[in-house]
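Engineer: only the shape, not the letters, is given here:
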């Protein structure tokens with residue numbers, strides 16, 4: 001099997017790392033890739049935003065399966081383009097991927113499916129937003145409807161802060177089209193959990209649950225980011241958690257999407273809050289999460305063939321594929337970010353110490369590139385994800401930070417409380 005993975009971040013590096021372990025895989029390709037993926041796959045110099053270019057590359061290179069990592073190409077219709085060209089694809093159509101592309105539409109689907117979720121109001125102008133705000137007790141959550149790279153959510157401690165967030169989105173156009181519709185949502189107390197599930201539109205196979213750390217600084221301070229680290233599985237989940245999530249959240253949503261004529265084939269990611277009343281869905285994503293993927297895939301045992309599973313998703317035969325056994329280890333992933341992220345940051349900074357990372361620790365590249373001399377330098381805000389594994393959370397954290405501390409670049413920033 002020849003598999004093309006679309007994307008160039010840590011998620012795609014982790015996908016290729018696991019796919020490379022499959023006896024079914026004859027060749028791996030990655031578009032556009034990074035220095036880490038280049039160690040595992042042929043680099044295809046086509047960005048994921050070039051839908052025709054990706055479809056053409058898949059045909060030219062005789063790809064048997066295309067796995068789409070990032071959300072933007074999915075929402076733009078890359079899966080549709082590939083299917084029209086006769087290429088098998090693991091990833092939802094643009095119509096189904098709207099569950100991530102529009103938080104307001106996702107709320108409609110949840111209401112239709114009877115999925116437990118936070119009370120919310122959708123507004124499209126500032127007057128309506130300020131009026132609706134009066135119906136919420138602070139803190140209140142203000143969400144941009146569209147894609148915002150993980151930075152479109154404000155948890156406002158007061159109505160004044162919420163009004164400022166509404167003004168920024170609806171009057172100042174701070175996020176452009178992504179913020180011209182806003183979801184005002186009640187704040188829920190609890191612990192966040194992410195559940196990623198493979199589905200072919202009928203069968204659902206949940207993967208080990210994870211918890212990520214979105215704020216840039218320790219103790220969940222500072223602005224939201226794309227994710228500063230994650231760990232899996234969280235040790236505080238109640239017995240039967242995944243079965244409950246399957247029955248009350250995942251299965252009803254998959255059925256509702258199919259009933260609308262938009263069956264979902266790919267990875268359905270449920271962002272949940274574990275409340276005193278059980279798991280409640282905050283939002284959905286339409287793809288593998290980042291950095292969650294980097295800590296989930298290392299927990300799949302050697303007998304779990306990711307290529308077989310993803311091909312079954314694409315073919316609609318997931319019911320016939322072996323179900324991965326429960327995780328027996330714990331993993332912790334620490335993101336090494338550029339100084340200043342998620343604000344302005346420098347790039348082109350040499351990265352030292354990659355060769356000093358102990359062999360039992362995984363390093364997934366994201367914002368990196370090769371310089372003209374062959375060295376690895378920074379090129380993004382989130383530069384690397386360093387993953388440690390162990391029999392428990394403490395052991396996995398120790399290994400992750402041992403790896404993180406071996407690597408250096410000017411301005412390197414990381415949180416010290418991932419998994420804490």
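Structural biologist: Okay, I see it. Worth saying up front: this structure is predicted, and the values here are computed from it rather than measured.
Engineer: ok now the helix or strand where residue 314 lies, how far from the chain's centre?
Structural biologist: In the assignment (DSSP states H and E), residue 314 maps to helix 306-315. In this view, helix 306-315 has its centroid 19 Å away from the chain centroid, taken as Cα atoms, centre = their mean, to the nearest Å.
Engineer: quick one: name whatever helix or strand follows it.
Structural biologist: Past helix 306-315, heading to the C-terminal end, the next element that is a helix or strand (DSSP H and E) is strand 330-337.
Engineer: quick one: that following strand to chain centroid distance?
Structural biologist: Mean C-alpha position of strand 330-337 versus that of the full chain (Cα atoms, centre = their mean) differs by 14 Å.
Engineer: direction included, what does the helix or strand following it pair against?
Structural biologist: Scanning forward in sequence from strand 330-337 by DSSP H and E, the next helix or strand is strand 362-365. For strand 362-365, sheet partners with direction are given as strand 382-390 (antiparallel), following DSSP bridges.
Engineer: helices of the chain, start to end?
Structural biologist: Counting by DSSP state H, residue ranges of the helices within the chain are 10-19, 51-60, 71-76, 78-84, 94-101, 103-113, 126-133, 159-170, 241-245, 251-259, 292-296, 306-315, 393-406.
Engineer: just to revisit the earlier point, can you give me the angle the helix holding residue 314 makes with helix 10-19?
Structural biologist: Relative orientation of helix 306-315 and helix 10-19, computed by axes from the mean of the first three to the mean of the last three Cα atoms, to 10 degrees: 110 degrees.
Engineer: other SSEs contacting helix 306-315?
Structural biologist: Other helices and strands packing on helix 306-315, by 3 or more Cβ pairs under 8 Å, 6 or more residues apart in numbering; DSSP states H and E, are helix 10-19, strand 65-68, strand 89-90, strand 191-199. Where you see a C-beta, it was placed from the backbone N, CA and C, and this is true even at glycine.
Engineer: any chance of a markdown table for the helices of the chain, columns mean pLDDT?
Structural biologist: As requested, the helices of the chain are exported to a markdown table (pLDDT from 0 to 100):
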| stretch | mean pLDDT |
| --- | --- |
| helix 10-19 | 98 |
| helix 51-60 | 98 |
| helix 71-76 | 97 |
| helix 78-84 | 98 |
| helix 94-101 | 98 |
| helix 103-113 | 97 |
| helix 126-133 | 97 |
| helix 159-170 | 97 |
| helix 241-245 | 97 |
| helix 251-259 | 98 |
| helix 292-296 | 98 |
| helix 306-315 | 98 |
| helix 393-406 | 98 |
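Engineer: quickly compare those and say which is most buried.
Structural biologist: Comparing the helices of the chain on average neighbours per residue, with mean count of other Cβ atoms under 10 Å, the densest one is helix 292-296 at a mean of 30.
Engineer: ok, residues contacting it?
Structural biologist: In this structure, residues lying in contact with helix 292-296 by Cβ atoms under 8 Å, 6 or more residues apart in numbering are 10-11, 13-15, 194, 196, 207-208, 210, 212, 227, 230-232, 269, 331-333, 362, 364, 385, 387.
Engineer: for the residue at minimal distance from the centre of the chain, which non-adjacent residue is spatially closest?
Structural biologist: Per Cα atoms, centre = their mean, the C-alpha nearest to the average position across the chain is that of residue 289, at 1.5 Å. When the adjacent residues along the chain are set aside, residue 289 lies closest to residue 269, with 5.3 Å between them (Cβ to Cβ, 6 or more residues apart in numbering).
Engineer: partner strands of the helix or strand of the chain with the lowest mean pLDDT, parallel or antiparallel?
Structural biologist: Across the helices and strands of the chain, mean confidence by mean pLDDT, DSSP states H and E is lowest for strand 221-224: a mean of 89. Neighbouring strands of strand 221-224 in its sheet, by DSSP bridges, are strand 215-217 (antiparallel).
Engineer: go through the strand it pairs with and flag the buried ones.
Structural biologist: 215-216 (16 or more other Cβ atoms under 10 Å).
Engineer: centre of the chain versus that strand, how much separation?
Structural biologist: For strand 215-217, the distance from its own C-alpha centre to the chain's C-alpha centre is 17 Å (Cα atoms, centre = their mean).
Engineer: give me the low-pLDDT residue ranges for the stretch 301-420 of the chain?
Structural biologist: By pLDDT under 70, the stretch 301-420 of the chain contains no weakly predicted segment.
Engineer: contacts for stretch 338-349, please.
Structural biologist: 151, 216, 223-226, 337, 367, 371, 377-383, 409-413.
Engineer: any idea how far apart the tips of it sit?
Structural biologist: When the termini of stretch 338-349 are compared using Cα to Cα, to the nearest Å, they are 9 Å apart.
Engineer: identify the residues contacting residue 365.
Structural biologist: By Cβ under 8 Å, 6+ apart, residue 365 lies in contact with 10, 13, 34-37, 376, 383-384.
Engineer: in this structure residue 186 contacts residue 135, no?
Structural biologist: No: using Cβ atoms under 8 Å as the test, residue 186 is too far from residue 135 to be in contact (9.4 Å).
Engineer: so the two - more neighbours on which side?
Structural biologist: For residue 186 and residue 135, the more surrounded residue by other Cβ atoms under 10 Å is residue 186, and the numbers stand at 15 against 11.
Engineer: pLDDT at residue 137, what is it?
Structural biologist: Reading off the per-residue confidence, residue 137 sits at a pLDDT of 95.
Engineer: what's across from the spatially closest residue to it that is not a sequence neighbour in the sheet?
Structural biologist: Excluding the flanking residues, the one nearest residue 137 by Cβ to Cβ, 6+ apart is residue 186, at 7.9 Å. On the basis of DSSP bridges, residue 186 takes part in beta bridges with residue 140.
Engineer: so what pLDDT did residue 186 get?
Structural biologist: pLDDT, read off for residue 186, is 97.
Engineer: ok, it - contacts?
Structural biologist: By Cβ under 8 Å, 6+ apart, the residues touching residue 186 are 118-120, 136-137, 140-141.
Engineer: isn't residue 105 up against residue 99?
Structural biologist: Yes: the criterion here is Cβ under 8 Å, and residue 105 meets it with residue 99 at 6.9 Å.
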